[in-house]
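Participant: sequence? don't have it. structure:
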């Protein structure tokens, strides 16, 4: 009898021990299955975990992981259903933040832009200081910008510019796109002001150079050729990948200022450095016109003598 009891206790201990070991990290096997592309098997395992531990913290984790797997499988409606289930069943769970945000991303990917905006707004309302706020703001602004609703776009870009100066990538693009909208409206002063908000730093040199290029163009459009020339010159000093554009712009600025010798020199440099430039025909045409103007200047100077 004692031996039977001992064997029973030993069996119970072993079973309990196995269940504890399995419970320590029930997602390891599921993760391995996902890594190996065995999505259906992973989903079945997650369903099994939910059945075994319906009241545990693993239940919402299973829902989230299942939603992610469905996204990998491009079963977006199934993924949306899982994310919505997480939102409805566990509104206070920390994992639910990702669900709110992911719904917006899927809606946008499916080109359901009105629904995407509503989803992002729901995220921003529920998580005003959330991990994905700046992305939700930027994505919403981009949806409005792409659909031609520029005033709405600028509202969201404005929030990024007001509250997220440390997120340099999003902050810089928000400033650039805001400037582009003002440039499109020929409100060049406000465009230049927006471009000037882009942060100048070693780790943001590309976007700063791009903003400087757009700023210089806005200056050209408002006939402030002296300021434009200075901006193009700064770009050339930075060596950040916009030399071709800067040379073309600087040559044009010199031409507009009547500085034909400098314009000619810069245009020749542009063709030497970038023989396949998209502006080659324009530059060659410009050089002919500049040559005619220089000949006229020399002839007039000779007449004066």
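Facilitator: Thanks, I have the structure now. Quantities reported herein were computed from a predicted structural model and do not represent experimental measurements.
Participant: Report the contact partners of residue 283.
Facilitator: Shown in contact with residue 283 (CB atoms under 8 Å, 6 or more residues apart in numbering): 248, 251, 267, 270, 271, 277. Bear in mind the C-beta positions are built from the backbone N, C-alpha and C, glycine included.
Participant: Top of those by number of neighbours, please.
Facilitator: residue 251 (28 neighbours; other CB atoms under 10 Å).
Participant: tell me which element that one falls in.
Facilitator: helix 243-256 (DSSP states H and E).
Participant: go on, residue 37?
Facilitator: Per DSSP H and E: residue 37 is located in neither a helix nor a strand.
Participant: what's the neighbour count on it?
Facilitator: Neighbour number of residue 37 under other CB under 10 Å is 11.
Participant: can you check the one 4 residues further on too?
Facilitator: Here the count is done by other CB under 10 Å, and residue 41 has 15 residues near it.
Participant: pLDDT at it, what is it?
Facilitator: Residue 41 is assigned 93 on the pLDDT scale.
Participant: for it, what are its contacts?
Facilitator: Residue 41 sits next to residue 33 when contact means CB under 8 Å, 6+ apart.
Participant: Distance check, the closest residue to residue 264 other than its chain neighbours against residue 260.
Facilitator: Leaving aside its sequence neighbours, residue 264 sits nearest to residue 290 (CB to CB, 6 or more residues apart in numbering; 4.9 Å). Separation of residue 290 from residue 260 (CB to CB, to the nearest Å) stands at 5 Å.
Participant: before we move on, what about residue 224?
Facilitator: 20 Å.
Participant: repeat for residue 246
Facilitator: Distance of residue 246 to residue 260, computed by CB to CB: 19 Å.
Participant: Now residue 33. Nearest residue, chain neighbours left out?
Facilitator: Looking at residue 33 with CB to CB, 6+ apart, the closest residue is residue 42, at 3.9 Å.
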